[in-house]
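*Asks:* Prediction below, plus the sequence it came from.
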Amino acid sequence: MLNKNQKIQFNQMIERSMEQAAKNLPGTKGVVSVRLSQDEIDVIDQMVFLELAKNRSDATAMLIREGIRTHQTLFHELQEYTAELEQVKAKMQRRIQESGLVAQLKQADERGEIPIGGDGNEPEYNK
């Protein structure tokens, strides 16, 4: 059971989420399926029972939005790191493509050969 302070915080979170949901409704983009524990489902069902949300989907969306809002700084940092990683990934893909390795592996695969190692310059193949 929630204490008085927790109930106040919960109600404030619900109010903020409902306001945000009303603003974001036209921008709804898709559906995500999630697996939840029974305790988590119980919280969502309580939100629906108390008419804080129309249904489980809306309740879940409100809780997710609140979690993202609460940890906004962390997620912004995550986006920056993801952008850096995408640049590194693209650079490595170009480098591997330019090295000719992909073409060599495709040719070996077409011939049914399996690379087993070598001196680092030319791969050796075992038929």
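*Replies:* Happy to help now that I have it.

*Asks:* What segments of this protein are strands?
*Replies:* Remark: strands assigned in the chain by DSSP state E are 114-118, 123-126.

*Asks:* ok, Ala90 to Gly67 distance?
*Replies:* 30 Å (CB to CB, to the nearest Å). Yep, even glycine has a C-beta here, placed from its N, CA and C like the rest.

*Asks:* between these two, who's got more neighbours?
*Replies:* Gly67 (13 against 10; other CB atoms under 10 Å).

*Asks:* burial measure for the closest residue to Ile68 other than its chain neighbours, as a count.
*Replies:* Sequence neighbours aside, Phe75 is the residue nearest to Ile68 in space, at 6.1 Å (criterion: CB to CB, 6 or more residues apart in numbering). Per other CB under 10 Å, the neighbour tally for Phe75 reads 13.

*Asks:* how close does Phe75 get to Arg16?
*Replies:* 17 Å.

*Asks:* so what are the domain limits for the chain?
*Replies:* Using automatic domain parsing, the domains assigned to the chain come out as 4-23+33-70, 76-126.
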